[in-house]
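In: got a predicted model here, sequence first, then my questions.
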Amino acid sequence: MTELPRGAIDVRQVSKDYRLGEPRSIFSWRVLPALLRRPDSGQTLRALDRISFSIAPGETVGLIGPNGTGKSTLLRILTGITAPSEGEVRHGGRIAGVLDLGSGFYEELTAWDNALLNAQLLGMTREEAEAGMESIFDFAELRDFRHAPMGQFSFGMRLRLAFSIAMALEPDVLLLDEVMGVGDLQFQRRSAARIRELAERGVTLLVVSHHLSDLTRVCQRGLLLHGGRLAHDGPIQETIDAYLRQSREPTGGTVGGRGADAALRGIRGEASGPEWPAVEIVGVDVLGESGRVQREFRPGESVIFQLRFRTAGPLDRPVLGFGVYREDGLYVAQISTETSGHHTGVCDGETKVRFQWDCPFASGGYRVSALVHDPSGRVILAQAHSAAGFEILPRPGFDSAVVRVEGRWEVG
């Protein structure tokens, strides 16, 4: 069998079964009650069911899905903490996983000693750990507390230190389980920037997070797990869309079969009807009133979405649209020429479209997707998921709801 290149991951038909009531380790005092009980009924729980995928070196992949669907189990298998019941897992180069943030701290030891110990447990040599101590505490903004006992640390301080230790690793593959969203807003931004820096240096990332907006900023690709199976594998925003659609289904949908296809039909489009020319989205931008690219806006300020696309031939009356997602993945706005009653006419070659509106959203980060449909609005000819972003700045009195509603009051 050929050796994988550094940073590559290959998962083939992996399943994991847990025997209900079975102790996970025979070296724990907690095993004694289990040994004294009557034999169990032989029931098993299948946490993962024939999972297969490959990740190329340097890819950044988000792993999403409901709680209890096997995400953490998959990461534990990849790091070698637990073995698969069936199938095979291979990776090239050095792999490190941050799976239980802050769980390995000892109250009696100082923060410095805890950081030194945890860095080595995560895979660093002692020399590497000692060399990185100062930068770890600088990143966590805890330099003044480095010799304080861990028992004096608040929960937030512990999480910041644990995250900073994880970010000091230099592996070929880094697995992160729910480590994004740690700390206050400023620390979250620096953390996201650090993760992006690792990705730009070619570190392969597999990230589990319920902060969907963080995944869109860091990851290019997404894997959706549901019921222990791989329900979708594609661009990150497309995978998030599938997850949100699936979450809205009353029964939770069907995984890996017709239900999954139906959930994605509105995203991929169905190739039917006449032959349309090839369409390519050239760019998506968020502009201010000046017509220049702008990233920050005040509540109620005018925002312009710009879409540039190119057609290989005449395209009559395409339906053009934008989708806006809040930073937690909530789909907050849908904008299209069809719903606005605007007829686009014939587009041939490169076309630029702008939509201007007074944004009513509360403060926070937002992502913008763009789509080009056929004249019926049912067939997607081109799409750009999470192609641009903007931020609404905080303003007192405007942050208690999703949108700010303008209207006219009458009293009397």
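Out: Looks like it came in fine.

In: OK, contacts around Pro84?
Out: By CB atoms under 8 Å, 6 or more residues apart in numbering, Pro84 lies in contact with Val14, Ser15, Lys16, Leu48, Ile77. Any C-beta I mention is one placed from the backbone N, CA and C, and that applies to glycine too.

In: of these, which belong to strands?
Out: Of the positions in the contacts of Pro84, Val14, Ser15, Lys16, Leu48 sit in strands, assigned by DSSP state E.

In: what about the closest residue to the third one other than its chain neighbours, neighbour count?
Out: Just to be clear, that refers to Lys16. What sits nearest to Lys16 in space, not counting adjacent residues and going by CB to CB, 6 or more residues apart in numbering, is Leu48, at 4.2 Å. Residue neighbour count, defined by other CB atoms under 10 Å, stands at 25 for Leu48.

In: quick one: His91 from Ser135, how far?
Out: In this structure, His91 lies at 27 Å from Ser135, with CB to CB, to the nearest Å as the measure.

In: looking at these two, which is more packed in?
Out: His91 (21 against 12).

In: now the closest residue to that one other than its chain neighbours: how far from Ser340?
Out: Leaving out its chain neighbours, the residue that sits closest to His91 by CB to CB, 6+ apart is Ile9, at 4.9 Å. Here Ile9 is placed at a distance of 45 Å from Ser340 (CB to CB).

In: comparing the two, which shows the higher neighbour count?
Out: The residue with more neighbours, out of Ile9 and Ser340 and counting by other CB under 10 Å, is Ile9; that gives 23 against 11.

In: my read is that the more buried one contacts Leu175, right?
Out: No. Proximity of Ile9 to Leu175 does not meet the contact threshold set by CB atoms under 8 Å, at 9.4 Å.

In: any shared contact partners between these two?
Out: Between them, Ile9 and Leu175 share the neighbouring residues Leu78, Leu206, with contact defined by CB under 8 Å, 6+ apart.

In: so Asp10: helix, strand or coil?
Out: When the structure is reduced to helix, strand and coil (DSSP: H, G, I helix; E, B strand; the rest coil), Asp10 reads as strand.

In: ok, now which ones touch it?
Out: Taking CB under 8 Å, 6+ apart as the criterion, Asp10 is in contact with Leu4, Ser54, Ile55, Glu88, Val89, Arg90, His91.

In: tell me the confidence at the residue nearest to Lys16?
Out: The score at Leu48 is 93. That number is its pLDDT.

In: swap in Gly253?
Out: The predicted local confidence for Gly253 comes out at a pLDDT of 39.

In: sec struct for His84, please.
Out: Quick fix: residue 84 is Pro, not His. Reducing the assignment to helix, strand or coil with three-state DSSP, the entry for Pro84 is coil.

In: and it, how close does it get to Val284?
Out: Applying CB to CB to Pro84 and Val284 gives a distance of 41 Å.

In: Leu230 contacts Ser52, correct?
Out: Yes. At 7.0 Å, Leu230 counts as touching Ser52 under the criterion of CB under 8 Å.

In: the more surrounded of those two?
Out: Higher neighbour count among Leu230 and Ser52: Leu230, with 23 against 13, using other CB under 10 Å.

In: that one belongs to a strand?
Out: Yes. The assignment for Leu230, made by three-state DSSP, places it in a strand.

In: for it, name its beta-bridge partners.
Out: Leu230 has the following beta-bridge partners by DSSP bridges: Leu225.

In: which residues does it contact?
Out: Leu230 sits next to Ile51, Ser52, Phe53, Leu223, Leu224, Gly256 when contact means CB under 8 Å, 6+ apart.

In: could I get those residues as a markdown table with distance to Glu406 and secondary structure?
Out: Written out in a markdown table, the entries for those read as follows (distance: CB to CB, whole Å; DSSP: H, G, I helix; E, B strand; the rest coil):
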| residue | distance to Glu406 | secondary structure |
| --- | --- | --- |
| Ile51 | 49 | strand |
| Ser52 | 51 | strand |
| Phe53 | 47 | strand |
| Leu223 | 41 | strand |
| Leu224 | 38 | strand |
| Gly256 | 46 | coil |
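
In: and the two most separated of those?
Out: In terms of CB to CB, the contacts of Leu230 reach their longest pairwise distance at Ser52 and Leu224, which sit 14.0 Å apart.

In: quick one on the thing from earlier: which one of the ones in strands among the contacts of Pro84 has the most neighbours?
Out: Leu48 (25 neighbours).

In: shouldn't that residue be in contact with Thr69?
Out: No. With contact defined as CB under 8 Å, Leu48 does not reach Thr69; the gap is 9.1 Å.

In: show me where the stretch 51-200 of the chain has its helices.
Out: 71-79, 111-121, 126-139, 155-167, 185-200 (DSSP state H, counting those that start in this stretch).

In: Arg367 touches Ala333, doesn't it?
Out: No. Arg367 sits out of contact with Ala333 when judged by CB under 8 Å, with a separation of 11.1 Å.

In: and for those two, which residues touch both?
Out: Val324.

In: lowest confidence element among the helices and strands of this protein?
Out: Least confident helix or strand, the chain: helix 258-268 with a mean of 33, by mean pLDDT, DSSP states H and E.

In: ok, residues contacting the helix or strand just after that one?
Out: Following helix 258-268 in sequence order, the next helix or strand is strand 279-287 (DSSP states H and E). With contact meaning CB under 8 Å, 6+ apart, strand 279-287 is reached by 293-295, 303-312, 315, 318, 350, 354, 368-370, 372, 381-384, 387-390.

In: and for stretch 338-349?
Out: Contact partners of stretch 338-349, identified using CB under 8 Å, 6+ apart, comprise 309-311, 313-321, 337, 353, 377.

In: let's see it at 10 Å
Out: Identification of contacts with stretch 338-349 by CB atoms under 10 Å, 6 or more residues apart in numbering yields 277, 279, 309-321, 336-337, 351, 353, 355, 372-373, 375-377.

In: in helices, which of these fall?
Out: Taking DSSP state H as the definition of helices, the contacts of stretch 338-349 contribute nothing to them.

In: list the contacts for Val405?
Out: Per CB under 10 Å, 6+ apart, neighbours of Val405: Pro360.

In: which SS state does it fall under?
Out: Going by three-state DSSP, the secondary structure assigned to Val405 is coil.

In: so how do I select the buried members of the contacts of Leu230 in ChimeraX?
Out: Applying 16 or more other CB atoms under 10 Å to the contacts of Leu230 leaves a buried subset, and the ChimeraX line that selects it is:
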select :51,53,223,224,256
